[in-house]
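# Build the 3D model from these lines:
(one chain, ligands or ions: 1)
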Amino acid sequence: MLRTALQRFRDIWKSYRHRFVPWVVLNLSKNENTLRQVTEHCKDKVVPDEEVSQSLLKLFRLLPTSHGAHQGDLRAFQTHFLTKVKREEYHQYGGNPMCGRDAMLHSLGFYIERQPSTLPFAGTGVFVAKGLVPKGATVAMYPGTVYQAHEPILLQSIRNSFVFRCIDGVLVDGNDKGISKMVFKSCSGRDRMGPFLMSDSSWLTATPENPLAVGQYVNNCSNDCPANVCYQEYDVPDKFPIEFYQFLPNINYSQDSRRPLRCVVLVSLRDITAGEELLSNYYTIVH
Ligand SMILES: C[S@@+](CC[C@H](N)C(=O)[O-])C[C@H]1O[C@@H](n2cnc3c(N)ncnc32)[C@H](O)[C@@H]1O
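Numbering: from 1, shown residues only. Predicted coordinates for the structure are as follows:
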């Protein structure tokens with residue numbers, strides 16, 4: 001009897017896709033209507049990965065590429081590596097890349113920013129500050145250090161409400177303070193490819209260079225305010241241009257991880273207008 005109960009608990013626990021412990025344990029009973037139910041794994045993605053790639057590349061092409069490369073490296077990069085499309089857009093703006101906010105507005109048609117949440121006692125939230133987010137758009141990224149299921153995260157996870165769990169057990173620690181911050185910076189400084197950084201650590205500051213990288217501040221929906229965005233895992237494809245890794249706000253904890261870099265993006269479930277707060281489902285059950 002005890003074994004059956006334990007088995008049942010294990011099955012339910014495994015089927016949770018995203019969970020921010022102990023938030024789930026304490027609040028699920030109050031917010032049962034906010035559960036997202038997905039019938040099969042393959043139906044979990046709201047938009048194909050290719051669409052996510054296109055949105056990211058549209059934005060990254062307009063961001064300043066200076067950090068992580070020296071002037072000489074940069075010149076070489078601009079001459080030899082810049083893709084044709086990027087070069088055209090770069091020159092269209094007089095060779096001056098835009099600031100993150102303008103780049104986002106120009107490429108995606110909206111920008112988002114952190115502000116005090118409209119929900120009681122919910123701290124900081126993320127809002128659409130300008131423009132319109134169409135349904136199915138990549139609205140934000142969940143930054144942080146990526147731990148494979150077998151890697152140790154105990155110390156970093158203590159009193160940390162920013163540890164995001166993917167269905168395959170991969171964890172993303174999106175805390176921008178304390179030991180989590182130190183771990184991200186150390187991993188980010190470790191990994192380089194020639195002149196290029198392999199990740200962006202500016203999400204740890206108040207002004208991230210990639211303006212999408214504030215997804216860790218998106219709050220959970222309530223019974224009265226339904227979710228308007230949902231999480232979606234995105235494994236960076238092999239063909240992703242090396243020069244744009246410097247804008248990805250995720251890094252593997254382990255240097256010898258053989259898996260593609262796991263990112264998590266937030267995708268809009270409906271059109272979202274300026275002034276609205278982004279709200280996700282912290283609990284998704286995949287049957
Ligand atoms: C991933 S963090 C989100 C960012 C958080 N709002 C902050 O300012 O640090 C998760 C935490 O946000 C708070 N939170 C999220 N959704 C909430 C809601 N609907 N009502 C109250 N608090 C919420 C809880 O404290 C939860 O542990």
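
# for the ligand, what are the nearby residues on the stretch 151-287 of the chain?
Applying CB under 6 Å from any ligand atom, one finds that the stretch 151-287 of the chain approaches the ligand through 161, 162, 216, 217, 219, 220, 222. (C-beta placed from N, C-alpha, C; glycine too.)

# pLDDT check: weakest of those?
On pLDDT alone, residue 222 ranks lowest of these, at 88.

# correct me, but it touches residue 119?
Yes - between residue 222 and residue 119 there is a contact under CB atoms under 8 Å: 6.3 Å.

# Which residue does the stretch 51-200 of the chain have closest to the ligand?
residue 123 (2.6 Å; CB to the nearest ligand atom).

# That residue - nearest residue in space that isn't next to it in sequence?
Spatial nearest neighbour of residue 123, chain neighbours left out: residue 117 (6.1 Å); criterion: CB to CB, 6 or more residues apart in numbering.

# top of the residues of the stretch 151-287 of the chain next to the ligand by neighbour count?
Among those, residue 216 has the most neighbours (other CB atoms under 10 Å), with 26 neighbours.

# Can you give me every residue that contacts that residue?
Residues in contact with residue 216 (CB atoms under 8 Å, 6 or more residues apart in numbering) are 142, 143, 144, 162, 164, 174, 175, 176.

# Please report phi then psi for it.
phi -70, psi -10 (degrees, to the nearest 10).

# And it, how far from residue 60?
20 Å (CB to CB, to the nearest Å).

# do residue 240 as well
Counting by CB to CB, the gap from residue 240 to residue 60 is 10 Å.

# Those two: which is more packed in?
Using other CB under 10 Å, the more surrounded residue of residue 240 and residue 60 is residue 60, with 23 against 17.

# hang on, the more buried one packs against residue 244?
Yes - the pair residue 60 and residue 244 qualifies as a contact (CB under 8 Å) at a distance of 4.4 Å.

# which phi and psi does the residue nearest to residue 175 when sequence neighbours are not counted have?
Nearest residue to residue 175, sequence neighbours excluded (CB to CB, 6+ apart): residue 162, at 4.0 Å. Backbone torsions of residue 162, given as degrees, to the nearest 10, read phi -110, psi 10.

# mind listing what residue 162 touches?
20, 144, 173, 174, 175, 176, 180, 216.

# so which of the residues you listed is the most crowded?
residue 144 (31 neighbours).

# Test my guess that that one contacts residue 248.
No - contact between residue 144 and residue 248 fails when scored by CB under 8 Å: they sit 11.1 Å apart.

# buried residues in the lengthiest strand in the chain?
For the chain, the longest strand by residue count, based on DSSP state E, is strand 124-133. Across strand 124-133, burial judged by 16 or more other CB atoms under 10 Å covers 125, 126, 127, 128, 129, 131, 133.

# And residue 164, which helix or strand is it part of?
strand 163-165 (DSSP states H and E).

# And for the longest strand of the chain, what's in contact with it?
Residues outside strand 124-133 that contact it (CB under 8 Å, 6+ apart): 105, 108-119, 139-140, 214-215, 217-219, 268, 271-279.

# before we move on, back to that, which pair of the contacts of residue 216 spans the longest distance?
Based on CB to CB, the longest span within the contacts of residue 216 runs between 164 and 176 and measures 13.4 Å.

# where do the helices sit along the chain?
Ranges of helices within the chain are 2-15, 23-27, 49-60, 71-76, 84-92, 100-108, 154-157, 178-190, based on DSSP state H.

# Which of those helices has the lowest mean pLDDT?
helix 71-76 - the lowest mean pLDDT of these, at a mean of 45.

# where are the low-confidence patches of the chain?
1-43, 66-97, 285-287 (pLDDT under 70).

# now with 80?
Residue ranges of the chain with pLDDT under 80: 1-44, 65-98, 257, 283-287.

# burial count for the residue of the stretch 51-200 of the chain closest to the ligand?
As a burial measure, residue 123 scores 11 neighbours (other CB under 10 Å).

# In contact with it: list those residues for me.
Neighbours of residue 123 in contact, by CB under 8 Å, 6+ apart: 116, 117, 219.

# switch to 10 Å and redo it
Under the criterion of CB atoms under 10 Å, 6 or more residues apart in numbering, the neighbours of residue 123 are 114, 116, 117, 161, 217, 219.

# Settle this for me: the fifth one is touching residue 206, isn't it.
No - counting by CB atoms under 10 Å, residue 217 sits too far from residue 206 to count as a contact (11.6 Å).

# No further questions, thank you.
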